[in-house]
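Peer 1: turn this into a model:
(chains A and B)
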Amino acid sequence: MTEDTVRDMLRAYICQQLIRDAEYPLTDDEGIITGGLMDSFSLAELAVYAEQAFGVYIPDPDLTVEKMNTLNQIVARVMRDL
Amino acid sequence: MLTLATRPNYRTLLDGHVLRQDNPDALALAYVQTEKPDIVLTRAAFQDEVAAHAAALRYLGIQPDDLVVIAHTQNLESIFCFWGALLLGAVPSMFPTLTEKLDPAVYMQSVAELVRLSHVKAVLTTDAFAPDLRAVVSCAVYASSDLHKAAHIEMTPHAKAPQAIAFLQHSSGTTGLQKGVALSHEAVLNQLASYSDALDLREDDVIVSWLPLYHDMGLIAGFILPLVQGIPLVLMSPFDWVKHPALLLKAMHQFGGTLTWMPNFAYNHMARRIRQRDLEGIRLDRLRAFINCSEPVRADSHALFLERFHTLGVCPEHLAVSYAMAENTFAVTQTRLGEVVNIDRVDQRRLQEELLAMPVHPDDAFAAAHVSCGTPIHNTQVKVVDAHGQTLPDRYVGEIMVKSDCMLTAYYQRPDLQPFDHEGWYATGDRGYLVNGAVYVIGRSKDLIINAGKNVYPQDIEAIVNTIHGVHAGRVVAFGVPDEREGTELIAVIAEVDDDDPQLKQRISQAIRYRVAQQTDVTVTYVVLVPLGWLIKTSSGKISRSKNRDKWLAER
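Peer 2: Below you'll find the model as predicted:
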């Protein structure tokens, strides 16, 4: 799976399921949690999705707002272990 | 233990078992954290810490009856400060914690506002917050290091009268801060005795809680109840739990947890967002109840939770419900532990049109499921009244009224706000009906939003959105939308804007989400920008939240 595919899948999941707006023009470096787009509850959901969609396990210490606040950060974390 | 029978033996919270000299090696409190070792405190260790904090506060000049605001992150120090202040006879209040989303400047300003409104004597906080807080508040600010530096002096506990105010509870937001719920020692002890009876609380119970301590459910059920009763409390940070929801189940497994309280959204959060690998080896064999409280209970959330966790030992009779509010210290009702909670299926049309909850067959196309909140706890009465204050018979929907021996004394320093009617009843603002003594809550007459267990006042959100450039000031409405996936109300904002330029509208949408998150710490899920004139006004010229909510839902 290429980085572009991972990015597209994550962007679609975040916009549809977490922001609840499939049309939302989410940019790569936008603060998803600090920008008020989704709650920090959603970090746990991203971890479940990353494991289901990409087979990547993101351990608890990495599930923080500091490390998972932008699409770039989330994609990089998934790509690291893909 | 404190029971209805032993209640006369307890004068104040200082008679709580965690502060007693017997059984010094018993477990008082365990604090669990992700990827860090547990911190375990015996009663003796807990007492030493509380005495040291009380002595430091006394040295710093805190006197009996002084109001002390604790603005920490949730940690052990905030707990020792709370009990240390009680030991001194001061009046502590837990302030909501700063989060990653919230703008620190806004947070500091809200502390300053509380200090100004309530004549606070001192704010206790972390070393990191203290310098910024000192710049904005008009009272003393003591950081952790100030407390540790303070010379330890001899300090004898201050014996207060049972009727004296023990502590305050505030809900968050501009509106919530203006109404500090003042609770006496007597009221809190009455609540603990009656609620323990309703729970059939036992000496071998173990309470596990992820709840914040600035909210009534966390403060009373998940903090004061176990410490006064002398049963072990296992605590964690809500911020840790929300990102790692399996932490609660791991702690229950490890410490043999029997009771835990959480708002409805948490059932969905845990069922949907815990990885299977994090459940390996976990059993909840000592479980007595998960108690659903502080936001509307959904039958589908319980079903989802059972489906996911039945393999751990969770059964239908483990899912209990309580109806509670800070003004009654905490619980008003409780379902019986060990029994499956009743679900009342009623005709939704007759409910709306006639305000009558008539049972129908579960397969009826108009059946709506309402989960029982149980019967009132001892010494608490509930009635349902119509718009004229007349008491209604069973199954008629009206406002829920409460009267008890564990109610607030007053809203702190707000003589203009009278909580009770002339007969001592408190109007809850919740709508519901009674069936054979059991309370069913179906909604609210106030416009309050409950998002993930947290009270959110729509006027606070509207005030923020009104200041955003491009939004027509005064042409904004905020409301809650029940959501099955999340098991809570999500927040929607509708704002009128002049411009139809998509890029400009996008910027306004972003600004609304960002500013609301920064200033209130809640997420707006739906931002809807509409042209001028879209919003419906009432005959008195006010923008109606409920009518605009209905209009938007119909157009979606």
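
Peer 1: and the residue in the stretch 1-150 of chain B positioned nearest to chain A, what does it touch?
Peer 2: Closest contact between the stretch 1-150 of chain B and chain A, by C-beta to the nearest C-beta, is at B:E100 (4.2 Å). All C-beta spots, glycine's among them, are computed from the backbone N, C-alpha and C. Counting by C-beta atoms under 8 Å, 6 or more residues apart in numbering or on different chains, B:E100 touches A:33-34, A:40, A:65-66.

Peer 1: by neighbours, which of those wins?
Peer 2: The most crowded member of the contacts of B:E100, judged by other C-beta atoms under 10 Å in any protein chain shown, is A:I33 (23 neighbours).

Peer 1: tell me the SS of that one?
Peer 2: At A:I33 the chain is in coil, as set by DSSP: H, G, I helix; E, B strand; the rest coil.

Peer 1: near chain B, which residues of chain A show up?
Peer 2: Contact residues (C-beta under 8 Å from any C-beta of the partner chain) of chain A with chain B: A:19-20, A:25, A:33-41, A:43-45, A:47-48, A:51, A:57, A:60-61, A:63-66.

Peer 1: which among those residues end up buried?
Peer 2: By neighbour count, with 16 or more other C-beta atoms under 10 Å in any protein chain shown, those hold A:19-20, A:33-41, A:43-45, A:47, A:60, A:63-65 as buried.

Peer 1: got the phi/psi numbers for B:V32?
Peer 2: Main-chain torsions, B:V32, degrees, to the nearest 10: phi -110, psi 150.

Peer 1: just A:Q73 next, same as before
Peer 2: The phi/psi pair for A:Q73 (degrees, to the nearest 10) reads phi -60, psi -40.

Peer 1: could you do the one 4 residues further on as well?
Peer 2: Backbone torsions for A:R77, taken as degrees, to the nearest 10, come to phi -70, psi -40.

Peer 1: skipping adjacent residues, who's closest to B:H185 in space?
Peer 2: B:T12 (4.0 Å; C-beta to C-beta, 6 or more residues apart in numbering or on different chains).

Peer 1: and that neighbour, how far is that from B:T42?
Peer 2: From B:T12 over to B:T42 the distance is 23 Å, taken as C-beta to C-beta, to the nearest Å.

Peer 1: what comes into contact with the helix ranked longest in chain A?
Peer 2: Criterion DSSP state H: the longest helix present in chain A is helix A:41-54. With contacts defined as C-beta under 8 Å, 6+ apart, helix A:41-54 is touched by A:1, A:6, A:9-10, A:13-14, A:17-18, A:33, A:56-58, A:63-65, A:68, A:74, A:77-78, A:82, B:242-245, B:269, B:272-275, B:452.

Peer 1: what about stretch B:505-516, distance to the chain center?
Peer 2: Relative to its chain's centre, stretch B:505-516 lies at 28 Å (C-alpha atoms, centre = their mean, to the nearest Å).

Peer 1: buried ones in it?
Peer 2: Of the residues in stretch B:505-516, those buried (16+ other C-beta under 10 Å) are B:508-516.

Peer 1: that one close to chain A?
Peer 2: Yes - judged by C-beta under 8 Å from any C-beta, stretch B:505-516 and chain A are in contact via B:506, B:510, B:513-516.

Peer 1: out of the helices and strands in the chain, which is least certain?
Peer 2: Going with chain A. helix A:41-54 (a mean of 94; mean pLDDT, DSSP states H and E).

Peer 1: that answer is for a different chain, and I need it for chain B
Peer 2: Quick look at chain B via mean pLDDT, DSSP H and E: least confident is helix B:173-177, a mean of 70.

Peer 1: and the helix or strand following it, what does it pack onto?
Peer 2: Sequence order places strand B:181-184 as the next helix or strand after helix B:173-177, per DSSP states H and E. Using 3 or more C-beta pairs under 8 Å, 6 or more residues apart in numbering or on different chains; DSSP states H and E, the elements in contact with strand B:181-184 are strand B:165-169, strand B:410-411.

Peer 1: run through who's touching the last one.
Peer 2: This points to strand B:410-411. So strand B:410-411 is contacted by B:179-182, B:417, B:419 (C-beta under 8 Å, 6+ apart).

Peer 1: now do 6 Å
Peer 2: Residues outside strand B:410-411 that contact it (C-beta atoms under 6 Å, 6 or more residues apart in numbering or on different chains): B:179, B:182, B:417.

Peer 1: what's the neighbour count on B:V50?
Peer 2: 24.

Peer 1: that one - nearest residue in space that isn't next to it in sequence?
Peer 2: Leaving aside its sequence neighbours, B:V50 sits nearest to B:W83 (C-beta to C-beta, 6+ apart; 4.3 Å).

Peer 1: what about the one you found, how many neighbours?
Peer 2: For B:W83, using other C-beta under 10 Å, the count is 25.

Peer 1: in a strand, it, correct?
Peer 2: No - looking at B:W83 with three-state DSSP, it is helix, so not inside a strand.

Peer 1: could you check the pLDDT of the residue in chain A that chain B sits nearest to?
Peer 2: Proximity of chain A to chain B (C-beta to the nearest C-beta) peaks at A:G36, 2.8 Å away. With respect to pLDDT, A:G36 scores 92.

Peer 1: contacting residues for it?
Peer 2: B:513-514, B:516-517, B:523.

Peer 1: which pair in those spans the largest distance?
Peer 2: B:Y514 and B:T523 (10.5 Å; C-beta to C-beta).

Peer 1: leaving out sequence neighbours, find the closest residue to B:H361.
Peer 2: Counting by C-beta to C-beta, 6+ apart, the residue nearest B:H361 is B:A367, at 6.9 Å.

Peer 1: around chain A, which positions in the stretch 451-556 of chain B sit nearby?
Peer 2: B:513-514, B:516-517, B:523, B:525 (C-beta under 6 Å from any C-beta of the partner chain).

Peer 1: can you lay out those residues as CSV showing secondary structure, distance to B:S237 and pLDDT?
Peer 2: CSV is the format used below for these (DSSP: H, G, I helix; E, B strand; the rest coil; distance: C-beta to C-beta, whole Å; pLDDT from 0 to 100):
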residue, secondary structure, distance to B:S237, pLDDT
B:R513, helix, 25, 95
B:Y514, helix, 25, 94
B:V516, helix, 24, 94
B:A517, helix, 20, 91
B:T523, coil, 19, 94
B:T525, strand, 25, 95
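
Peer 1: of those residues, which pair is most distant in space?
Peer 2: B:Y514 and B:T525 (14.0 Å).

Peer 1: on that earlier part again, just the contacts of helix A:41-54: which are in helices?
Peer 2: A:6, A:9-10, A:13, A:74, A:77-78, B:242-243, B:269, B:272-273.

Peer 1: pull out the buried residues from stretch B:204-218.
Peer 2: B:205-218.

Peer 1: where does the stretch 51-200 of chain B have low pLDDT?
Peer 2: For the stretch 51-200 of chain B, applying pLDDT under 70 flags the ranges B:172-174.

Peer 1: mind listing the helices for it?
Peer 2: Here the stretch 51-200 of chain B has its helices, by DSSP state H, counting those that start in this stretch, at B:76-88, B:104-118, B:130-136, B:144-149, B:173-177, B:185-199.

Peer 1: could these be laid out in a markdown table, adding distance to B:V228?
Peer 2: Output for the helices of the stretch 51-200 of chain B, formatted as a markdown table (distance: least, C-beta to C-beta, whole Å):
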| stretch | distance to B:V228 |
| --- | --- |
| helix B:76-88 | 11 |
| helix B:104-118 | 25 |
| helix B:130-136 | 31 |
| helix B:144-149 | 24 |
| helix B:173-177 | 26 |
| helix B:185-199 | 6 |
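
Peer 1: name the residue closest to the centre of chain B, please.
Peer 2: In chain B, the centroid-proximal residue (C-alpha atoms, centre = their mean) is B:H215; its distance is 3.5 Å.

Peer 1: what about the residue nearest to B:H185, neighbour count?
Peer 2: 21.

Peer 1: that one against B:S184, yeah?
Peer 2: No - applying C-beta atoms under 6 Å as the test, B:T12 and B:S184 come out as separate, 9.2 Å apart.

Peer 1: distance of the closest residue to B:C406 other than its chain neighbours from B:V314?
Peer 2: Excluding the flanking residues, the one nearest B:C406 by C-beta to C-beta, 6+ apart is B:Q191, at 3.7 Å. In this view, B:Q191 and B:V314 are 28 Å apart by C-beta to C-beta.
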